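Visitor: Here's a sequence, model it:
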Amino acid sequence: TNVDGIYAVGDVTDRIALTPVALMEGHSLADTVFGGMDRPCDHEFVASTVFTTPEIGTVGYSEEAAAVKYGDIAVYKSKFRPMAHSFPKSEMYTLMKIIVDSKTDKVVGCHIATDGAGEMIQGVGIAVKMGATKADFDRTIGVHPTSAEELVTMRSPAYHYKDGKKVEEE
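Guide: I've put the predicted structure just below:
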């Protein structure tokens, strides 16, 4: 706040209204003010999940926001019926999308809609926060048979954005 000795964290700050964000802001504040270490809270690449059926997990930028921020991006996309839903002939599908900054090859967004998306996106969130590239994902051996292995097997972009505009592949 603008008053000495009065601080604000969490929902009252008009930033990201998620409990883990408030916890991180509180820890950062305590470390900075009382712990003798300057530890700012970084709000870029915060993972979150909507606990619906299917779950929706997301970290980083949407393709539209990434196109505005980075200009040139590649979008990798996969839609499939997970093995767990194939045998009982369920109509449940999985959708995964990875957004990559074309200039640096860094993964700047990942979006997953499937059972367990929250668990998956937490691990992806760590990788994205650490600056993982698409090549890092490609070098990773997947866990089979899982839906999550699709994150490391998508090799060709579905489409690109050039100078912020979507370009369909031919």
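Visitor: Thr49 and Ile56 touch, don't they?
Guide: Yes. Thr49 is within contact range of Ile56, at 6.7 Å (criterion: C-beta atoms under 8 Å). The way it works is simple: take the backbone N, C-alpha and C, and place the C-beta from them, glycine included.
Visitor: contacting residues for Val108?
Guide: 45, 60-61, 66, 69-70, 73, 99-101, 128 (C-beta atoms under 8 Å, 6 or more residues apart in numbering).
Visitor: Need the residue closest to the centroid of this structure.
Guide: Val59 (1.8 Å; C-alpha atoms, centre = their mean).
Visitor: What distance do you get for it to Gly71?
Guide: 21 Å (C-beta to C-beta, to the nearest Å).
Visitor: okay if I get the contacts of Val108 as CSV plus neighbour count and secondary structure?
Guide: Listed next are these as CSV, based on neighbours: other C-beta atoms under 10 Å; DSSP: H, G, I helix; E, B strand; the rest coil:
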residue, neighbour count, secondary structure
Phe45, 20, coil
Gly60, 23, strand
Tyr61, 22, coil
Ala66, 22, helix
Lys69, 12, helix
Tyr70, 20, helix
Ile73, 27, strand
Ile99, 29, strand
Val100, 25, strand
Asp101, 20, strand
Val128, 25, helix
